[in-house]
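# need a structure here:
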Amino acid sequence: MRSRRLGRKATAVAVAGTVAGGLMFAGAAHAAVYTKESNGVVAQLDTAPGNGSKAWMWGYAPNGVSFGVVQYQFYNGQVGHFDVRANSARSVNLDTSVWRIRACAVYQVNNGKPPSQGGGYIEDWRCSGWS
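Model (predicted):
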């Protein structure tokens, strides 16, 4: 489980590039990128993607999991999510600022009982901490 915040570093690089080489390029001063991982499922949040959205998120789920879930929470406390099929990636843009994210690996396990005795699948969720 790892979390990175790159916003200040990106701003520092922009300032250093301007001072050292006379280059002029702009970056969002408050942009941050967060990455979380759980059992190979990766979730990433960009809080200033530069495409007009207030948040861009990306998720990846490897083979070996039933599916991945990227959960996100807005500043008002409301929580949302999107699913990612195994061995694939998915991205979404949102018009509302996102506070934090986490990655969840979901395993569907057969409980071994016949359907007449309550048989079916149990979901085993393994989530990272929040960013």
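# mind listing what's buried in stretch 64-82?
Judged by neighbour count using 16 or more other C-beta atoms under 10 Å, the buried positions of stretch 64-82 are 65, 67-74. C-betas here are computed from N, CA, C, even on glycine.
# Quick check, pLDDT for the residue of the chain most remote from its centre.
For the chain, the residue at maximal distance from the C-alpha centroid (C-alpha atoms, centre = their mean) is Ser116, at 39.0 Å. Here, the pLDDT recorded for Ser116 equals 86.
# re earlier: what is the nearest of the buried residues of stretch 64-82 to Val84?
The shortest approach to Val84 among the buried residues of stretch 64-82 belongs to Gly68, at 4.1 Å (C-beta to C-beta).
# bridging residues for that closest one?
Under the criterion DSSP bridges, Gly68 forms beta bridges with Val84, Ala105.
# Let me know how buried Arg126 is, in neighbour terms.
The number of residues packed near Arg126 is 13, by other C-beta atoms under 10 Å.
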